[in-house]
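1. missing the sequence, but the structure's below:
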């Protein structure tokens with residue numbers, strides 16, 4: 001009886017692991033450009049929205065940030081869109097996907113990074129966006 005329970009739990013873990021790896025990404029989130037639109041770092045459910053005035057950044061900040069994001073380990077750019085540009089970063093162990101969209105609007109650079117599954121990201125997206133902005137300011141990779 002105990003072996004069956006253990007095998008059942010292992011099977012559930014395998015199924016859950018396969019689901020987060022192979023489930024289709026919600027297409028609406030790959031093009032989402034939500035508010036708030038005021039400059040600052042805004043904590044949202046499962047992620048963060050960063051809004052930075054472009055005049056406080058280097059002239060090529062948008063293109064450089066796209067390069068920084070693309071150079072992030074386990075990160076893939078989805079499509080070639082620029083309004084917004086979409087990236088998916090997957091966690092190391094379980095390969096949970098986080099979606100980041102980057103765009104320019106009304107003189108600001110917007111970065112919205114959030115989880116796909118669950119409610120809380122344990123600060124992972126805020127840390128990633130912070131690394132991206134530090135790399136942008138330093139002129140290097142994240």
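-> Yep, that arrived. None of these values were measured; they are calculated from a predicted model.
2. can we go C-alpha only for contacts and neighbour counts from here?
-> Noted.
3. what is the lowest-mean-pLDDT helix or strand in the chain packed up against?
-> Lowest on mean pLDDT, DSSP states H and E among the helices and strands of the chain sits helix 2-22, with a mean of 82. For helix 2-22, there is no helix or strand it packs on, judged by 3 or more CA pairs under 8 Å, 6 or more residues apart in numbering; DSSP states H and E.
4. what are the contacting residues of that helix?
-> By CA atoms under 8 Å, 6 or more residues apart in numbering, the residues outside helix 2-22 that reach it are 94, 95, 96, 97, 117.
5. skip ahead from it and say which helix or strand is next.
-> Of the helices and strands lying after helix 2-22 in sequence (DSSP states H and E), the nearest is strand 40-44.
6. neighbouring strands for the helix or strand that that following strand is followed by, and are they parallel or not?
-> Later in the chain than strand 40-44, the nearest helix or strand by DSSP H and E is strand 47-53. Sheet pairing of strand 47-53 (DSSP bridges) gives strand 40-44 (antiparallel), strand 108-115 (antiparallel).
7. what mean pLDDT does strand 47-53 have?
-> For strand 47-53, mean pLDDT is 97.
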